[in-house]
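A.B. asks: Everything below, folded, please.
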Amino acid sequence: MSTEFRFCPTCATPLVMIGLEEDGGLTHRLRCAACGFTHWNNPTPVLAAIVEMDGQILLARNAAWPTKMFGLITGFMEAGETPEDGIRREIAEETSLEVDSLELVGVHDFQRMNQVIITYHARAHGEVRLSPELADYRLLRPGQVRCWRAGTGLALAQWLRQQGHEPVFMEDIQRKPGPLEGAG
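C.D. replies: You can find the predicted model right below:
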């Protein structure tokens, strides 16, 4: 979901789709006919972590989510930090856990939100203390988690396969998800 740009942030003229030659081809983008501003609408990098503690996966529920929905620890990269530094920071901020090791799982597009998700497997230790943006958490064995077929769910499914577990997707469950389902 990208921000709706309708007016130029420089001169307030309405933006229109204008085609220009870029990188050897005609590219249509929202542009300002008055001052030449271009709205690039590039995807936002988002960091995600499959946090493992003692063989269990930590899933958290955002305070704004339904009570049965849990997901990976996620957050936005900040200027001046590497993806690795950013996910370590997010894990510490959201859970108070200390990361022992990080391993890149993969990079997935999440076009519905105009994001690129960079997912890591993080081994961590400590006592879970949630930030105010998170309402609850669960520690589950890998075989207990359920994935959705987009964004972080695809990364979680990829990691589960790498660990020898066949992922179960929420859409494939013929009944309502139970309290420990709807993760990823």
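A.B. asks: Not counting whichever helix or strand V107 is part of itself, show me its contacts.
C.D. replies: Assigned by DSSP states H and E, V107 belongs to strand 98-110. Judged by C-beta atoms under 8 Å, 6 or more residues apart in numbering, the contacts made with strand 98-110 from elsewhere in the structure are 43, 46, 50, 84, 87-88, 91-92, 115-126, 150-152, 154-155, 158-159, 162. Where C-beta positions appear, they are placed from N, C-alpha and C, glycine not excepted.
A.B. asks: okay, the angle between the helix or strand following that strand and strand 98-110?
C.D. replies: If you walk from strand 98-110 toward the C-terminus, the next helix or strand you reach (DSSP H and E) is strand 115-125. Orientation note: strand 115-125 sits at an angle of 160 degrees relative to strand 98-110 (axes from the mean of the first three to the mean of the last three C-alpha atoms, to 10 degrees).
A.B. asks: Please point out which parts of strand 115-125 sit buried.
C.D. replies: When burial is assessed from 16 or more other C-beta atoms under 10 Å, strand 115-125 yields the following buried residues: 115, 117-124.
A.B. asks: ok, now stretch 7-22?
C.D. replies: Using 16+ other C-beta under 10 Å as the burial criterion, the residues of stretch 7-22 that qualify are 8, 15.
A.B. asks: Report the mean confidence score over stretch 145-164.
C.D. replies: The predicted model gives stretch 145-164 an average pLDDT of 93.
A.B. asks: distance between the ends of it?
C.D. replies: Stretch 145-164 has an end-to-end distance of 14 Å (C-alpha to C-alpha, to the nearest Å).
A.B. asks: do the same with stretch 10-25
C.D. replies: In stretch 10-25, first residue to last residue: 26 Å (C-alpha to C-alpha).
A.B. asks: would E171 count as being in a strand?
C.D. replies: No - assessed with DSSP: H, G, I helix; E, B strand; the rest coil, E171 is helix; it does not lie in a strand.
A.B. asks: does the closest residue to M17 other than its chain neighbours sit in a helix, a strand or a coil?
C.D. replies: Closest residue to M17 apart from its sequence neighbours, by C-beta to C-beta, 6 or more residues apart in numbering: H28 at 5.0 Å. On the three-state scheme (three-state DSSP), H28 is labelled strand.
A.B. asks: and A135, helix, strand or coil?
C.D. replies: Here A135 is recorded as strand under three-state DSSP.
A.B. asks: Distance of the residue lying farthest from the centre of the chain relative to A12?
C.D. replies: When distances are taken from the C-alpha mean of the chain, A34 lies farthest, 36.5 Å away, according to C-alpha atoms, centre = their mean. Taking C-beta to C-beta, to the nearest Å as the measure, A34 and A12 are separated by 9 Å.
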